[in-house]
Structure formats: structure tokens, C-alpha cells
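Asks: Just need the structure, nothing else, for what follows:
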Amino acid sequence: MITLEQAIGMKCTQAYECLKTEVSALYKSKVKSEGPKLVPFFKATCVYFVLWLPTSSPSWLSTLVKCLPILCLWAFLLAHGPRFVLAHSGACKILAGLVFSALGDAFLIWQEQGYFCHGLLMFAVTHILYSSAFGMKPVNPQVGLFVGCVSVVSYTLLYPYLSGPFTYLVGGYVALIGFMGWRAVAGVWLANDLWTWTRLSACLGAGLFMVSDLTIAVDKFCFPVPHSRAVIMATYYAAQMLIALSAVECQDGEASRKRG
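Replies: Residues are numbered from 1 along each chain as shown. Model prediction:
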């Protein structure tokens, strides 16, 4: 005779397996539909890592090679139709964020010539746009508290190595990227429909962006990080791709409403 606890356990297991099957099928269908549009991005990223142009002698060629994957992500979003991008504020803000990211990349190529702060400002604007795209609902204060603690600890570790205007600039930047990370992670908790994979993309993208920027800060202000450039660029390109994918959430939500 099956007890009540066993019956509940069996139902939970069946529900979990059903959910896992549905999510897996959805993920495969999305990879099949969105994958071809990302081929130029993957090719451009491979070009960057294959050429691996030295940062000690910046040039317009190295600037183009570094920015090319981000330009391909512009094309990825626009491939869904300019009307789609303009009609959805989230997608439009992420596209604008990619524009400022490309400008930031260009400035950082020339950082030894005094353009590091310019790059920092461009990426600060990027994080503001991404935060706005992710929205303020759900608030999820627990996630905000956790990300806030991570940001405070990160800045506390960096603080002894900072001086002059960087003390405030880095502090403000850490606050902005931490806020962006909070808004990206908070959205996952409300994901229970077709938007799950895009919200998860935003969450993972924000996390990788934080890893990339923290590696930059440690390498520049604290001590040399082994293979820092490879770590920074690999996590950065992956982060931007995942955040660009999260913009497709508007399209998925629209399709879901039409089916309903």
C-alpha cells in the first residue's frame, strides 16, 4: 500500500521529469532557431583569438578585430527585424548597450594612451542600459543583498590598491555592475514559462561580465593575473552573447501570448 508521502514523492518526480523534458525540448528548439544567426559572432570571436594581436601596439586593425564580435551581435539582434528591436524597449536597450560596449572596447585598446577612463565610462553606460532592460520586477531583495555583499567584498579587496580618481571611479563602476547583476539574477526567480531560457541567459551573462571586469581590475590595479587577457576576453564575449540572447525574451513572450 502506497503511503501519502510516497504518493506525493512520485507526483513530484513525475512533475520534475515532465518539466525537464519540456525545458530540454524548448532549449533545443531555440538553439536550432537562434544558432545560425550567431554563426558570424562565433567566427569573429575565433578570428580575434587566432590573430591575438598584441596590445602593446594598438592600431585600427586591432580595434576592428576586437569590436567585430560585438558588431556581429548587433547584426544578431537586427536579424530579428528592426521593427522588433524598436518595438520592444528591452531589446532596444540591449542593442544600445552593445553600441556603448563597442565604444568601450575601442577606448580600452588605446588605454595606455590615456583612454582607460573613457572605456570605463562607456561600460558604465552599458550597465545602466542593461539594468534598465532587465527591469525592476521582481525586486527579489535577497538576491540584491547577496550581489551587494559580493560587490562590497570585491571593492574592499581592490581599495588598498586604488588611488586618486580611480578610488571613486572604480567604486561607482562596481556599484553599477553589481546593480546590473542583481537585476539579471532576480529575473530568474520569476521564470516559469517560455521566458526561462532567456532569463537564465541574462543571469549567466551578467555573472560572466562581473568575472571579466573583476579580472581586469585585479590585473590592472593589484597584481598580474596569469593568462588574464584570455580569461577577460573569453568571459566578456560569452557574457555579451548571453545578454544579447536574453533580448529574444520579448519575441518569446509575444509568441506565448499569441498561442494563449
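
Asks: Phe223: neighbouring residues, count only.
Replies: Phe223 has 8 neighbouring residues, counting by other C-beta atoms under 10 Å. Glycine gets a C-beta too; all of them are placed from N, C-alpha and C.

Asks: Please shift the residue numbers so they start at 22 in all later answers.
Replies: Yes, from this point I'll number from 22; that puts the last item at Phe244.

Asks: any idea how far Tyr182 is from it?
Replies: Phe244 sits 9 Å away from Tyr182, going by C-beta to C-beta, to the nearest Å.

Asks: now Met201
Replies: 23 Å.

Asks: what's the answer for Cys67, then?
Replies: 34 Å.

Asks: give the contact list for Tyr69.
Replies: Counting by C-beta atoms under 8 Å, 6 or more residues apart in numbering, Tyr69 touches Val86, Lys87, Leu89, Pro90, Met254, Tyr258.

Asks: which SSE is it in?
Replies: Element membership for Tyr69, per DSSP states H and E: helix 25-72.

Asks: Give the next helix or strand downstream of that helix.
Replies: helix 81-99.

Asks: Give me the buried positions along that next one.
Replies: Of the residues in helix 81-99, 83-84, 86-95, 97-98 count as buried by neighbour count, 16 or more other C-beta atoms under 10 Å.

Asks: mind putting the residues you listed in a markdown table, pLDDT included?
Replies: Formatted as a markdown table, the buried residues of helix 81-99 follow (pLDDT from 0 to 100):
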| residue | pLDDT |
| --- | --- |
| Ser83 | 94 |
| Thr84 | 95 |
| Val86 | 96 |
| Lys87 | 96 |
| Cys88 | 97 |
| Leu89 | 97 |
| Pro90 | 97 |
| Ile91 | 97 |
| Leu92 | 96 |
| Cys93 | 96 |
| Leu94 | 96 |
| Trp95 | 93 |
| Phe97 | 93 |
| Leu98 | 92 |
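
Asks: hang on, the earlier thing: Met201 and Tyr182: which is more packed in?
Replies: Just comparing Met201 and Tyr182: by other C-beta under 10 Å the higher neighbour count belongs to Met201, 27 against 15.

Asks: and the more buried one, helix, strand or coil?
Replies: helix (DSSP: H, G, I helix; E, B strand; the rest coil).

Asks: need the contact list for Leu150.
Replies: Shown in contact with Leu150 (C-beta under 8 Å, 6+ apart): Lys114, Ile115, Ala117, Gly118, Phe121.
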